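**Student:** Kindly generate the corresponding structure for this input.
(one chain, ligands or ions: 2)
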Amino acid sequence: MAIDLGTANTLVVLKGKGVVLNEPSVVAVVDNKGKKSVLAVGDEAKTMLGRTPGNIQAIRPLRDGVIADFIVTEEMIKHFIKKVHKKTLANPRILICVPTGSTPVERKAIQDSALAAGARKVQLIEEPIAAAIGAGLPISEATGSMVIDIGGGTTEIAVMSLGGVVYSKSLRIAGDAMDVALQNYMREEYNLLIGDSTAEKIKKEVGTAIPTNNNKYPVKGRDIRSGTPKEINVTEEDTAAALNPILKEMIGGIKMALENTPPELSADLVDMGLTLTGGGALLKNIDKRFSKETGLPVHIAEDPLACVAIGTGKALDQEETFSSMLTEY
Ligand code: ADP
Ligand code: MG
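**Tutor:** Ligands and ions are numbered 1, 2, ... in the order given. This next block holds a predicted model:
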């Protein structure tokens, strides 16, 4: 069993079966006079985000790429393992991918959670390595590859060669920050308050890194001054302007990675280009914008949202090839 424990989504891959679970990394916790218990996990819990009464909290335990709440994270891992586990073998071997920036304490905690959930053996793989394997990059060879994984909470930028990470940087801005940027823009430009889900929807449907048309897209929210519901129209010009600061920060991070890449590997990147994975890679024209600003070819992985999970699954399947990239604590 392979698990991609993302800040926004968790995916589980079973050997030979592909992705068998794909749910938001969300846990709904109910507080009964100080005694907390888990009410719902995943899809069910996500529908509760922003809609919970006082004593219920919908938590994203990995939101910023670090574990904010160990107990809740453990409950979530256990829940997902049990869910796919029911129909399969007892005591599976589990491979979990972890962000390069995670601390030894966090890695140990993730491993312990999986063991507590019934795993026989737990191994970890660095997320950019898994992303590179998933994207089919020649990760085991002496060729430089760069992967930019734009998730919910973090953007992971990594340069790899010979199965190892040569340089990596984790930025605390990604898909969530894009949603917040859209919310701020709507408030400042149109006096309109919109919720997280609405912002995410705008991003997916009209969000762009480079505007290409002037189509109008209706958005509903609450007017700041009157407090009443209202509808306005947004265009790609709006979303591009709102998202620009986030994209600039990402480009800054990519340029820093390029400056820190050994020259021989830089030469490889001129030919190989950069590969985008994670849900943020689906933002319209993000590849064109990054390519324009770096002067390098930019490719989007085939299935950006599942790329890391697929790579983790491949590492599990082809153990001989990838064993040097797996670690245990
Ligand atoms: P993580 O690995 O951190 O869990 P994912 O790779 O699953 O993150 O990506 C989740 C992020 O991708 C969310 O912020 C989501 O809004 C964003 N996303 C998903 N689809 C699109 C899209 N079509 N355009 C822009 N962003 C998207
Ligand atoms: Mg991810």
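
**Student:** Angles on the backbone of the residue lying farthest from the centre of the chain, please.
**Tutor:** For the chain, the largest distance from the centre (C-alpha atoms, centre = their mean) belongs to Ser226, which lies 36.9 Å off. For Ser226, the backbone dihedrals (degrees, to the nearest 10) come out as phi -90, psi -20.

**Student:** Give me the pLDDT for it.
**Tutor:** Listed pLDDT for Ser226 reads 95.

**Student:** What residues does the stretch 101-250 of the chain have near ligand 1?
**Tutor:** With the criterion set to C-beta under 6 Å from any ligand atom, the stretch 101-250 of the chain comes near ligand 1 through 151-153, 175-176, 200, 203-204, 207. For every residue, glycine as well, the C-beta is placed using N, CA and C.

**Student:** What's the PyMOL syntax to select whichever of those residues are buried?
**Tutor:** Here is the PyMOL command that selects the buried residues among those (16 or more other C-beta atoms under 10 Å):
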select buried, resi 151+152+153+175+176+200+203+207
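
**Student:** Columns distance to Ser266 on top of the residues of the stretch 101-250 of the chain next to ligand 1, output as a markdown table?
**Tutor:** Shown next, in a markdown table, are those (distance: C-beta to C-beta, whole Å):
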| residue | distance to Ser266 |
| --- | --- |
| Gly151 | 26 |
| Gly152 | 30 |
| Gly153 | 29 |
| Gly175 | 28 |
| Asp176 | 31 |
| Glu200 | 36 |
| Lys203 | 32 |
| Lys204 | 34 |
| Gly207 | 31 |
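
**Student:** tell me which of the residues of the stretch 101-250 of the chain next to ligand 1 is nearest to ligand 2?
**Tutor:** Closest approach between these and ligand 2, by C-beta to the ion: Gly151, at 4.0 Å.

**Student:** excluding its backbone neighbours, what's nearest the closest one?
**Tutor:** Closest residue in space to Gly151, ignoring its immediate chain neighbours: Gly278 at 4.5 Å, by C-beta to C-beta, 6 or more residues apart in numbering.

**Student:** Is Glu249 in a helix, a strand, or coil?
**Tutor:** Following DSSP: H, G, I helix; E, B strand; the rest coil, the label given to Glu249 is helix.

**Student:** The stretch 101-250 of the chain: strands as residue ranges?
**Tutor:** Using DSSP state E, counting those that start in this stretch, the strands found in the stretch 101-250 of the chain span residues 121-126, 145-150, 155-161, 164-171, 192-193, 217-223, 229-234.

**Student:** Residue numbers of the stretch 51-200 of the chain in contact with ligand 2?
**Tutor:** Counting by C-beta under 5 Å from the ion, the stretch 51-200 of the chain comes close to ligand 2 at Gly151.

**Student:** so where's the stretch 51-200 of the chain uncertain?
**Tutor:** 86-90 (pLDDT under 70).

**Student:** Quick check: the residue farthest from the centre of the chain vs Ile202, distance?
**Tutor:** 22 Å (C-beta to C-beta, to the nearest Å).

**Student:** again with Val298
**Tutor:** From Val298 across to Ile202, the span is 24 Å (C-beta to C-beta).

**Student:** same check, this time on Lys33
**Tutor:** Distance from Lys33 to Ile202, by C-beta to C-beta: 39 Å.

**Student:** Between these two, point out the one with more neighbours.
**Tutor:** Ile202 (23 against 5; other C-beta atoms under 10 Å).

**Student:** List the contacts of the closest residue to that one other than its chain neighbours.
**Tutor:** The shortest distance from Ile202 to any non-neighbouring residue, by C-beta to C-beta, 6+ apart, is to Leu182 (5.5 Å). Residues in contact with Leu182, defined by C-beta atoms under 8 Å, 6 or more residues apart in numbering, are 194, 199, 202-203, 207, 239, 242-243.

**Student:** sorry, back to before: okay, the strands of the stretch 101-250 of the chain in TSV with mean neighbour count next?
**Tutor:** Output for the strands of the stretch 101-250 of the chain, formatted as TSV (neighbours: other C-beta atoms under 10 Å):
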stretch	mean neighbour count
strand 121-126	20
strand 145-150	28
strand 155-161	24
strand 164-171	19
strand 192-193	18
strand 217-223	15
strand 229-234	15
